[in-house]
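Engineer: Based on what follows, work out the 3D shape:
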Amino acid sequence: MRELLAALLCALLLPAHAVTVRDDLGKSVSFARPPQRIVSLLPSLSESVCALDACARLVAVDDYSNFPEAVRHLPHVGGIEDARVESIVALKPDLVLAPTSSRALPRLEALGLKVVALEPRTLADVRRVLLLLGPVLAARDGTQAWQAIEAELAQVAHSLPPAQRGARVYFEVSSAPYAASEASFIGELLARIGVRNVVPAALGPFPRLNPEFVVRADPDVVMLAEDEANAPLATRPGWQSLRAIRAGRVCRFTRAQADVLVRAGPRMAEGARLMVQCLAGGWRDGGAPR
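Structural biologist: Reported below is the predicted structural model:
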């Protein structure tokens with residue numbers, strides 16, 4: 001009888017937590033209790049864990065995760081192509097969050113680790129990841145976290161000066177040049193704040209463009225996510241004639257700002273705010289939006 005009472009007491013004290021989720025590879029993963037030792041192998045997933053108030057449970061992250069500040073001091077265990085599996089195993093995680101494109105996935109699973117593969121690429125994906133991880137982590141409600149993001153995003157969109165609504169924007173993610181099209185997460189943000197992307201969705205999310213494409217598009221504003229010291233944009237063939245170049249409507253984002261902008265994660269409203277600051281007159285060729 002004493003043993004039965006003890007078992008009943010334990011059952012009452014321990015919260016019920018039987019959760020099964022389906023990841024982006026269609027694999028079902030079950031949890032008997034909230035994971036306490038988490039390894040994240042994608043910056044947007046690391047940020048999602050923190051947005052759900054479970055940052056303290058991260059025991060390692062990928063080489064590019066750098067937000068919030070606490071994440072910088074964790075062990076870094078590689079990236080999509082070179083995740084250090086031995087180091088991950090040694091940390092004894094009860095959950096590994098990995099992108100679907102990670103080459104380490106088969107090996108991590110073969111070694112018996114519980115892996116959830118997620119790779120957010122769109123606004124809908126960000127919402128889905130938060131709603132999926134919320135019950136798994138049992139910290140902050142994923143729906144609540146998403147609603148807070150949506151509310152902030154709506155507020156940011158409302159702050160765009162009316163004169164800038166419908167402005168035609170070219171957003172360059174690297175100087176190859178690779179651009180963010182309408183189909184990308186960045187393109188979705190541009191649409192949400194009320195401006196137009198000159199790169200159509202038909203070209204794919206992040207197409208490599210011939211510089212002549214931008215000349216023909218002749219955008220009102222140019223946004224650059226790369227902060228390296230590039231040659232002046234006017235030296236690119238034909239670019240000296242662009243209205244954005246002639247008027248100085250160019251924003252070069254800092255590396256920290258670019259991290260916010262190019263990650264499909266819970267800081268999307270902050271990324272939208274950077275765009276609005278640029279469009280509201282914060283452009284400085286060679287400098288970040290004020």
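Engineer: Local confidence estimate at residue 281?
Structural biologist: For residue 281, the model assigns a pLDDT of 87.
Engineer: What distance do you get for it to residue 163?
Structural biologist: 10 Å (C-beta to C-beta, to the nearest Å). All C-beta spots, glycine's among them, are computed from the backbone N, C-alpha and C.
Engineer: likewise residue 174?
Structural biologist: On the measure of C-beta to C-beta, residue 174 and residue 163 end up 30 Å apart.
Engineer: rewinding a little: and residue 281 and residue 163? Which one has more around it.
Structural biologist: A direct count of neighbours by other C-beta atoms under 10 Å for residue 281 and residue 163 places residue 281 higher, at 13 against 10.
Engineer: any idea whether that one is helix, strand or coil?
Structural biologist: The assignment at residue 281 comes out as helix when based on DSSP: H, G, I helix; E, B strand; the rest coil.
Engineer: Next up, the contacts around it.
Structural biologist: Listed by C-beta atoms under 8 Å, 6 or more residues apart in numbering, residue 281 has no contact partners.
Engineer: domains for this structure, by residue range?
Structural biologist: 16-140, 148-282 (automatic domain parsing).
Engineer: and residue 209, what pLDDT?
Structural biologist: Predicted confidence (pLDDT) for residue 209: 94.
Engineer: for residue 103, helix, strand, or coil?
Structural biologist: coil.
Engineer: What is the burial count for the closest residue to it other than its chain neighbours?
Structural biologist: Excluding the flanking residues, the one nearest residue 103 by C-beta to C-beta, 6 or more residues apart in numbering is residue 81, at 5.8 Å. Neighbour count of residue 81, defined by other C-beta under 10 Å: 9.
Engineer: Please apply the same query to residue 24.
Structural biologist: 17.
Engineer: check contacts around it.
Structural biologist: Taking C-beta under 8 Å, 6+ apart as the test, what residue 24 contacts is 100, 117-119.
Engineer: So which of those residues is the closest to residue 50?
Structural biologist: Distance to residue 50 across the contacts of residue 24 (C-beta to C-beta) is lowest for residue 118, with 14.9 Å.
Engineer: Show the contacting residues for that closest one.
Structural biologist: Here residue 118 is in contact with 23-24, 42, 45, 97-100, 129, 132 (criterion: C-beta under 8 Å, 6+ apart).
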